[in-house]
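1. predicted model and sequence below, questions to follow.
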Amino acid sequence: MESEFLTTMVLTFELAAITTAILLLIGIPLAAFLAYGRTRFKSLIETVVSMPLVLPPSVLGFYLLLAFSPASVIGEFLTSHGIRLAFSFEGLVIGSVLFSLPFMVHPIQSALSQVPPSIFEAAYTLGKSKFQTMVRVILPSIRHGLISGVVLAFAHTVGEFGVILMIGGNIPDETRVASIAIYDEVESLNYAMAHQYALTLFVVTFAILLLVYTLNKKSLGEIR
Amino acid sequence: MISVNIKKHLTTAEGPLEAHFELSIHNGEFLTLFGPSGAGKTTLMRCIAGLETPQSGVITVDGVVWFDSKKKINLPPQKRSVGFVFQDYALFPTMSVRQNLLFAAETAEQKKGVNELIDLVELGNLADRLPSTLSGGQKQRVALARALVRHPKILLLDEPLSALDPSMRSKLQNELSLIHERLGVTTLLVSHDIAETVKLSDRLASVAAGQIVRIDEPMAFFSPNSLSGKLQLVGEVLKIEEDFPAFVITLLVGSSIVRTVAGSAEASALRIGGHAIISTKAFNPILIPIKDPK
C-alpha cells in the first residue's frame, strides 16, 4: 500500500514536470506570436489557447478519447504506427499539455507585451538577431512571467482531474495520479488513504508555490 | 557622406501625409532635425536606421547602399552601422551598465573600448549597477555610450534629452558636444529645444509636414535678417509688460532670467512662450567673475 502511494505521487509529479517542460518549449514561441503577431488568425489561435479556461475538462477529455480511439482517423493512424494514447501515460501528457496551455501562455504573453518595442529595436541596431535578442535580452527580462507560467502550469497539471479521468482511467504506475487516487479511495470508503494523498498534495503544492514566489520577489527586487 | 532621398507614407494626427526627405550629411557633421511633432523627424531617423522601410528612394552611406527601392536593397538594422539612442533609453534591464555595453561589442577591440567609453561618460563607479538603479541622466549616458560601442557610421539621437530636467539637460548637452568633438562621429539629432540645437549643431534642418524645408547654420535660422550684433542670446519669452511708452520683455535664456526693453513694434511681434533673439549691436560689455560656491 505504501509503495502504491509512492508510485502514484511520483507519477503525478512526473506528469506535471514533463507537461511543464513541453509547455515551456511551445509556450514561449506561441506567446511571442500572440503578443507580436499581426495575422488575421491571431484571434482564432488566441481563442483556441484560452478554451481550456472555460471548457469543462470532461469535454476536452471526451474529444481526446474519441481522437485516440482506433475507430477515429487520428487513432487509426496512431495505432497503425504502434502508438496507443488512450489509457496511457503519453496520452495523459498530451491531454495535460492542451489543458494547461493557457496557464503557461497567458503570463508569458502579458509579460512580453509589456516589453517596450524600443528594447527590441535597440538590440537590432546593435547588430543582434531576433533570436539573440530573445534569448539574451527579452527572456531574462520577463523571467517573472516565465516563472509564473511554469508554476501555474505545473500546479494546474498536478491538480488536473477531469481530463485524466476521461482519457487515462486509473491504471497504477501508468495513469493513476494523485487526484484520481483520492477519488478512488473515497469511493471505496478508504478515508485514511485519501487523506494521505490529499494532505501530501496540499503540503507539496503549497511549499512549491511559496518557494517560487519568495524567490521571484527577491529576483524582481534586484531588477526593479 | 550620407545621402538620403526617400519617400514615406506617414499617418499623423492631421491625417495621412506623403513625406519626401532629401538630405545629405557630411562625415563628422552634427546635424539637427528641428520642427513640430508629426513632421516626420523621428520617421526619417528610423528609416535611416532600418527600423522602418520607406515606400521608395535611396539611402547610401559612404558609397554603400543601405536602401534602394529600385534595386530592391534593404539592409536590416543589424547590417547598418548605426548607433540609435531612444527617447526611453531602451537599456537592457537585466544587464549592468558594463554588460549593456559589452553586449553591443562584437570584436575584441570593441570590448576593450568599453572601459574607455564608460570613463568618457563618467560612469566608472556605476559600471556594475543595473539600469533600474540609475537616474534619468545616468541612463541616458549609458544609452549614448552603448550606441557608440560599435563605432557607428552615424549616431542617431531621437530627442535624447527631452525627459531630463533643465540642469541635467544642459550638462548632457555639454557632454554630447564634447563626445562629438572627441570621436568625430557623424550625428543626427532630433530636438525641440532651440538653445540645444544652437549649442550642438553644425547645421540645422527644418522639417515641416514631411519635407526638409531649409538647411542652414543654426544662427542663420534664428536671425533671418542677419543681424550684425556682437552679442546674441536665444531665449524663451516669459512675459510681455507694457511700461509706457515701451515694453518690458522677460526672457528665459538658458537657466537665467533676462529682462529687456522693447519698442511697441518689436513687442507686438513677440508672443509668450515663443522664442526670440536678444542682440545688441554696439555695446561695451562688463564682465564680472562669479566666485565658485565651493
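-> Good, I have the coordinates.

2. quick one: secondary structure of residue 189?
-> Went with chain A since none was named. Classification of residue A:189 using DSSP: H, G, I helix; E, B strand; the rest coil returns coil.

3. not quite, go with chain B.
-> strand.

4. that one pairs with what?
-> Beta-bridge partners for residue B:189, by DSSP bridges, are residue B:32, residue B:157.

5. show the pLDDT at residue 41.
-> I went with chain A, as the question did not name one. With respect to pLDDT, residue A:41 has a value of 86.

6. sorry, should have said chain B
-> The model reports residue B:41 with a pLDDT of 89.

7. how about it, what does it touch?
-> For residue B:41, the contacting residues are B:33, B:34, B:35, B:190, B:207, by CB atoms under 8 Å, 6 or more residues apart in numbering or on different chains. C-betas here are computed from N, CA, C, even on glycine.

8. okay, and the beta partners of residue B:18?
-> Judged by DSSP bridges, the bridge partners of residue B:18 are residue B:9.

9. how close does it sit to residue B:214?
-> According to CB to CB, to the nearest Å, residue B:18 stands 19 Å off from residue B:214.

10. please apply the same query to residue A:40.
-> For residue A:40, the distance to residue B:214 - CB to CB - is 44 Å.

11. same check on residue B:196?
-> Between residue B:196 and residue B:214 the distance is 18 Å, computed by CB to CB.

12. elements contacting the lengthiest helix in chain A?
-> Looking across chain A with DSSP state H, the single longest helix is helix A:2-36. When contacts are defined as 3 or more CB pairs under 8 Å, 6 or more residues apart in numbering or on different chains; DSSP states H and E, helix A:2-36 sits against helix A:42-54, helix A:89-113, helix A:143-158, helix A:178-187, helix A:191-223.

13. pull the distance from the first helix or strand past the second one going along the chain to the chain's centre.
-> For helix A:89-113, the following helix or strand on the C-terminal side (DSSP states H and E) is helix A:117-125. On the basis of CA atoms, centre = their mean, to the nearest Å, the separation between the geometric centre of helix A:117-125 and that of its chain is 31 Å.

14. repeat for stretch A:55-68
-> Offset of stretch A:55-68 from its chain centre (CA atoms, centre = their mean): 16 Å.

15. mind listing what's buried in that stretch?
-> A:57, A:60, A:61, A:64, A:65, A:67, A:68 (16 or more other CB atoms under 10 Å in any protein chain shown).

16. so how far is chain B from the first one?
-> In this view, residue A:57 and chain B are 37 Å apart by CB to the nearest CB, to the nearest Å.

17. and what of residue A:197?
-> Using CB to the nearest CB, we find residue A:197 at a distance of 40 Å from chain B.

18. again, but for residue A:30
-> Counting by CB to the nearest CB, the gap from residue A:30 to chain B is 23 Å.

19. circling back to that earlier point, comparing residue A:40 and residue B:214, which residue is more hemmed in?
-> residue B:214 (13 against 6; other CB atoms under 10 Å in any protein chain shown).

20. am I right that that one sits in a helix?
-> No: looking at residue B:214 with three-state DSSP, it is strand, so not inside a helix.

21. do you know the pLDDT at residue B:62?
-> pLDDT recorded at residue B:62 is 91.

22. surely it meets residue B:1?
-> Yes: counting by CB atoms under 8 Å, residue B:62 touches residue B:1, with 6.4 Å between them.

23. intersection of neighbour lists for the two?
-> Residues touching both residue B:62 and residue B:1 (CB under 8 Å, 6+ apart) are residue B:27.

24. what is the neighbour count of residue 46?
-> Since no chain was named, I'll use chain A. By other CB under 10 Å, the residues close to residue A:46 number 18.

25. my question was about chain B, not that one.
-> Neighbours of residue B:46 under the rule other CB under 10 Å: 20.

26. what's near enough to touch it?
-> residue B:52.

27. the residue sitting nearest the centre point of chain B and residue B:53, how far apart?
-> Nearest residue to the geometric centre of chain B (CA atoms, centre = their mean): residue B:189, 3.2 Å. Distance, residue B:189 to residue B:53, by CB to CB: 23 Å.

28. same check on residue B:196?
-> On the measure of CB to CB, residue B:196 and residue B:53 end up 30 Å apart.

29. over to residue B:66?
-> Going from residue B:66 to residue B:53 by CB to CB gives 11 Å.

30. who has more neighbours, those two?
-> The neighbour count for residue B:66 versus residue B:53, taken as other CB under 10 Å, is higher for residue B:66 (25 against 12).

31. so the more buried one: helix, strand or coil?
-> From three-state DSSP, the assignment for residue B:66 is strand.

32. can you give me the distance of it to chain A?
-> Look at residue B:66 and chain A: by CB to the nearest CB, they are 13 Å apart.

33. wait, isn't that residue in contact with residue B:75?
-> Yes: assessed by CB under 8 Å, residue B:66 is found in contact with residue B:75 at 4.9 Å.

34. which residues are in contact with each of these two?
-> With CB under 8 Å, 6+ apart, residue B:66 and residue B:75 have common neighbours residue B:50.

35. isn't there a helix covering residue B:250?
-> No: judged by three-state DSSP, residue B:250 forms no part of a helix; its state is strand.

36. burial count for the closest residue to it other than its chain neighbours?
-> Spatially, and ignoring its direct neighbours in sequence, residue B:250 is nearest to residue B:239 (4.0 Å; CB to CB, 6 or more residues apart in numbering or on different chains). Applying other CB under 10 Å, we find 12 residues neighbouring residue B:239.
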